[in-house]
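Undergrad: Dropping a prediction and its sequence here:
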Amino acid sequence: MGLMRASYWHWFAIITLTYSLTGRATQGNDWQKDWWLVSLNPQQTAPQWWVGEAASAPAKVPIGSLWKLYVYNYSLALDLPDKPYQCHAGRHAKVGDEYCCSQDETITRDIALARSCGAYFEPQRLRIDARQWQQYWQRNVPEIKWLAQLENIQPQTQSSVHDILLSLNRLSANSIKHTRKALLGRILQPQWSALLPHLGGAYRFKTFTWVHPQYKGAYFGGAAGWLADGTAFWVGGTGSSKVVIENAAPLIAEKLPIKGQSQQSFDEECVAVHYFKRYPIQTVTRLSQRGADSTKVTSGALQGQYAVKFSNGNALQIISDGELSLTQRGNALQLWGKLSMQEYVARVLDREGDATKTEAAKALSIAARSYVYQNAHFHLGCWQIDDDSRKQRVSPNPASVRASQVVGFTEDLSLVGSPIYFHQNQTKPNTLNWQHAVNRAALGDDYLALLHEAYPNASWRLNNQAQQCQRLPQAELYLRQSFPQAKQHLREVKGVEVVQGLKVCQLDYGNPYADQHSTSIYVRDWRSENDRVTLWHEYLHLALRYHPNGHDEALIEQNARRLASQLSLGKYTSSTKRKIRAAQ
């Protein structure tokens, strides 16, 4: 079966080059009529069709790369050991390695899922037993006959949308939690950055692209995954997965909006907060339903409404559903909260910002989450942090619905590579100025632009705590110092501007890419002339991003070749021995 699937991948790679994956119109229909958005939560018996109707959709659709999702979850459920895949590039590459790496690399299970690396998940390589596979799926999803047969775990296998959603809903909560965490790495890949303004970190999905079940010469692409409350969703239509999802993203967010924190199902991290550390507590009194003082409390979990009186004479009313507790050390009373990470960040947002200022609030929530990872102490399974104006202040009351929705949108998104601070109204290096962010958002900046302005050297924190952007400082220096000379060569090209805050990052796999939100270029290498053509090509996309010439591929490629040949490396080359790849 491994050889059979390898041949399918080889065939698919060939026809991918033959036909454009640009989402061609089918039979003259408008694109909106050629895609569908469907969801199913565990309490529903029938899927809900949000875009398109069941009657107009293909009766069965190809599962495409979703077969990897099934192998991944089976491996988790049976606690199979992670069996890293040795991926090769160039002349040593095997069929399918081009989907997994662009240089020799060891691929683990989570990375393989984020990259859609089929070679890792080959059942034969993982020594998956067909009978055990059958027993597992018959036990969990007996209604779906095809899924119980291991030979059907191939991209050309077709299934109804209902069965795909049902199979996702029947996975264990633990499996979904781990799968969603791994899939965050998918949307954080630079080639998917266009989705982040619409989907944030909340919509976790596995993409697929395969031959269209109805239209010859066309493709059928999309994705399937879960929201944080466990709702499974599927989106599919004519075109590649990238084309379909990028077009569908605004409607996905509209039709499947993020719910409040009370609906979050998979948040596992906790934060232990020492409230009011700099303000000694004099008394804590339980309030009756009428609001009158009744019983003083000195220790234990707090359940209900309380009045906190401080030694400086100030007082505050708080509400707790058991997440707050009071301890007494000598004569000192200490108030502690044990919160989920999502609830913690939402309470910071309520205390430090305003959740109704949506884009600024998204940026602040990511900054607050990042601050915990950078500055809190991890102890006894929780991040330990003080409620302190010198750190970040946290509301002692339950998060507002709006704050929970904002934080749900930015679920698990955090930054590394830069110190992270924020302030109400001061602009400093590596600091999000809240009032400035609100003003910029009112002028149209989204949360990504606000973060890039505040933290120009930061990039996304990945699940393995690696940094998304591994900087290539010599390439950055080469572009920066070569630009005045390059501009002379480009004097006939209208719209060229210097790129401020440029980052050049090492590309681990896939095609080179320029991310306009973060003004970042992702390339494999830059020191050969061919590599510099790619480097200048992506740079010109950024330098021309505000001009129609930025969409003229022929113009950009012609000038990139000219710049690569005429602007030598000179002093920018390293004395370190270079590793040459045979193919890219």
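TA: Received, thanks. Numbering: from 1, shown residues only.
Undergrad: In contact with residue 227, which residues?
TA: 202-204, 233, 256, 258 (Cβ atoms under 8 Å, 6 or more residues apart in numbering). Yep, even glycine has a C-beta here, placed from its N, CA and C like the rest.
Undergrad: what are the ranges of the strands in the stretch 151-300 of the chain?
TA: Assigned by DSSP state E, counting those that start in this stretch, the stretch 151-300 of the chain shows strands spanning 158-159, 204-211, 219-226, 232-238, 270-275, 281-287, 293-297, 300-310.
Undergrad: ok, of the ones you listed, where does mean pLDDT dip lowest?
TA: Between the strands of the stretch 151-300 of the chain, the lowest average pLDDT goes to strand 293-297, which shows a mean of 79.
Undergrad: okay, the angle between that one and strand 281-287?
TA: 130 degrees (axes from the mean of the first three to the mean of the last three Cα atoms, to 10 degrees).
Undergrad: quick one: strands adjacent to strand 293-297?
TA: Paired neighbours of strand 293-297 in the sheet (DSSP bridges): strand 281-287 (antiparallel).
Undergrad: Buried residues, the partner strand. List them.
TA: Buried residues in strand 281-287, counted by 16 or more other Cβ atoms under 10 Å: 281, 283-285, 287.
Undergrad: Same list, the contacts of residue 227, but as TSV with neighbour count and distance to residue 549 please.
TA: As requested, the contacts of residue 227 are exported to TSV (neighbours: other Cβ atoms under 10 Å; distance: Cβ to Cβ, whole Å):
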residue	neighbour count	distance to residue 549
202	26	36
203	26	34
204	25	37
233	25	38
256	20	37
258	23	38
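Undergrad: Run through the bridge partners of residue 321.
TA: Residues in beta-bridge contact with residue 321 (DSSP bridges): residue 303.
Undergrad: what about the strands of the stretch 151-300 of the chain, which gets the closest to residue 436?
TA: With Cβ to Cβ as the criterion, residue 436 lies closest to strand 270-275 of the strands of the stretch 151-300 of the chain, at 27.1 Å.
Undergrad: Quick one: residues in contact with that closest one.
TA: For strand 270-275, using Cβ under 8 Å, 6+ apart, the contacting residues are 324, 334-341, 344, 372, 376, 379-387, 394, 396.
Undergrad: Weed out the non-buried ones from those residues.
TA: By neighbour count, with 16+ other Cβ under 10 Å, those hold 324, 334-341, 344, 372, 376, 382-383, 385-387, 394, 396 as buried.
Undergrad: circling back: now, which of the contacts of strand 270-275 lie within strands?
TA: Among these, the members falling in strands (DSSP state E) are 324, 334-340, 379, 382-386.
Undergrad: Below-threshold pLDDT in the stretch 251-400 of the chain: ranges please.
TA: Scanning the stretch 251-400 of the chain with the threshold set as pLDDT under 70 gives 260-267, 290-293.
Undergrad: Once you drop chain neighbours, what's closest to residue 565?
TA: Spatial nearest neighbour of residue 565, excluding adjacent residues (Cβ to Cβ, 6 or more residues apart in numbering): residue 529 at 6.4 Å.
Undergrad: Settle this for me: the one you found is touching residue 563, isn't it.
TA: No. Counting by Cβ atoms under 8 Å, residue 529 does not reach residue 563; the two are 10.5 Å apart.
Undergrad: These two: who's more crowded?
TA: Applying other Cβ atoms under 10 Å to residue 529 and residue 563 shows that residue 563 carries more neighbours, namely 23 against 11.
Undergrad: ok, that one to residue 131 distance?
TA: Going from residue 563 to residue 131 by Cβ to Cβ, to the nearest Å gives 60 Å.
Undergrad: okay, the angle between the helix or strand hosting residue 67 and strand 232-238?
TA: For residue 67, the host element (DSSP states H and E) is helix 66-77. Helix 66-77 runs at 160 degrees relative to strand 232-238, counting by the same axes, to 10 degrees.
Undergrad: now helix 66-77 against strand 219-226, angle please.
TA: 30 degrees.
Undergrad: picking that back up, farthest-separated two in the ones in strands among the contacts of strand 270-275?
TA: 334 and 340 (20.9 Å).
Undergrad: Leaving out sequence neighbours, find the closest residue to residue 325.
TA: In space, residue 325 is closest to residue 301, 4.8 Å off (Cβ to Cβ, 6+ apart).
Undergrad: Just list the residues touching the one you found, thanks.
TA: Contact partners of residue 301, counting by Cβ under 8 Å, 6+ apart, are 320, 322, 324-325.
Undergrad: Could you give me the ChimeraX syntax to select whichever of those residues are buried?
TA: Buried members of the contacts of residue 301, defined by 16+ other Cβ under 10 Å, are picked up in ChimeraX with:
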select :320,324
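Undergrad: all helices of the stretch 401-550 of the chain, in order?
TA: 401-409, 434-442, 447-454, 473-489, 529-543 (DSSP state H, counting those that start in this stretch).
Undergrad: For residue 37, which of these is the nearest?
TA: Residue 37 lies closest to helix 401-409 among the helices of the stretch 401-550 of the chain, at 17.9 Å (Cβ to Cβ).
Undergrad: how about the CA coordinates for the closest one, as PDB?
TA: Taking C-alpha atoms only, helix 401-409 is exported to PDB below (Å, rounded to 0.1, in the frame of the first residue of the first chain):
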ATOM      1  CA  VAL A 401     -18.200  38.100  27.400                       C
ATOM      2  CA  ARG A 402     -16.700  40.500  24.900                       C
ATOM      3  CA  ALA A 403     -13.200  40.000  26.400                       C
ATOM      4  CA  SER A 404     -13.600  36.200  26.300                       C
ATOM      5  CA  GLN A 405     -14.600  36.500  22.600                       C
ATOM      6  CA  VAL A 406     -11.500  38.500  21.700                       C
ATOM      7  CA  VAL A 407      -9.200  36.200  23.600                       C
ATOM      8  CA  GLY A 408     -10.900  33.200  22.000                       C
ATOM      9  CA  PHE A 409     -10.100  34.700  18.600                       C
END
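Undergrad: Which residue is the nearest non-sequential neighbour of the most far-flung residue of the chain relative to its centre?
TA: Within the chain, the residue lying farthest from the chain centre (Cα atoms, centre = their mean) is residue 294, at 48.5 Å. Leaving out its chain neighbours, the residue that sits closest to residue 294 by Cβ to Cβ, 6+ apart is residue 288, at 4.8 Å.
Undergrad: close enough to count as contact, the one you found and residue 304?
TA: No. Using Cβ under 8 Å, residue 288 is not in contact with residue 304, being 9.1 Å away.
Undergrad: got the contact list for residue 220?
TA: Residue 220 neighbours (Cβ under 8 Å, 6+ apart): 58, 61-62, 64, 209-213, 236-239.
Undergrad: repeat that for 6 Å
TA: Shown in contact with residue 220 (Cβ atoms under 6 Å, 6 or more residues apart in numbering): 210, 212.
Undergrad: cool, and residue 133?
TA: So residue 133 contacts residue 150 (Cβ under 6 Å, 6+ apart).
Undergrad: Name the SS class of it, please.
TA: helix (DSSP: H, G, I helix; E, B strand; the rest coil).
Undergrad: Need the pLDDT of it.
TA: pLDDT, read off for residue 133, is 97.
Undergrad: now it: how far from residue 406?
TA: 41 Å.
Undergrad: can you check residue 455 too?
TA: To residue 406, residue 455 is 19 Å away according to Cβ to Cβ.
Undergrad: Grab the nearest non-local neighbour of residue 118.
TA: Closest to residue 118 by Cβ to Cβ, 6+ apart is residue 96, at 5.3 Å.
Undergrad: Quick check: phi and psi at that neighbour.
TA: Residue 96 adopts backbone torsions of phi 100, psi -10, taken as degrees, to the nearest 10.
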